[in-house]
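# Test case, fold it:
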Amino acid sequence: TTGVQKDMFDSNSAAPNAFCLPASSELLLGRDNMSVFQDSQGRPSRKYGITWAEPASRLLYLAPYILGVLPKVVEVKLLDTQATVQSLSLRASLVAASPDS
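Numbering: from 1, shown residues only. Presented below is the predicted three-dimensional model:
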């Protein structure tokens, strides 16, 4: 690393979320309804990012899928193509939790 700080997102939007892809040196960084793949140097590592219907509050990787927990749905996408496979509707009373929450 160079030790130089690099802004990944402008400071005027909502706080980003980050997800480390297992068995990979890539990060999936999300802001608003877009998640982009970054390498360890902060450079884009894939040509295309993932666009969600709404901002994702959580991400889960279950090969070959990436799941985004959105305010009203869970979107299931293929990680390699970013194609939406399924959208699962959430009721207002349902809360998604993980052991490390």
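# residue contacts, Ser57?
Contacts for Ser57 (CB atoms under 8 Å, 6 or more residues apart in numbering) come out as 17, 69-71. In short, each C-beta sits where N, CA and C put it, glycine included.
# Could you turn the buried ones of those residues into a ChimeraX selection?
Of these, the buried ones go into a single ChimeraX selection, burial set by 16 or more other CB atoms under 10 Å:
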select :17,69,70
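# Restricted to strands, list the contacts of Ser57.
Mapping those onto strands (DSSP state E) picks out 17, 69.
# now the contacts of Ser57 as a markdown table including distance to Arg46 and pLDDT?
Converted to a markdown table, those look like this (distance: CB to CB, whole Å; pLDDT from 0 to 100):
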| residue | distance to Arg46 | pLDDT |
| --- | --- | --- |
| Asn17 | 18 | 81 |
| Val69 | 22 | 91 |
| Leu70 | 21 | 91 |
| Pro71 | 26 | 89 |
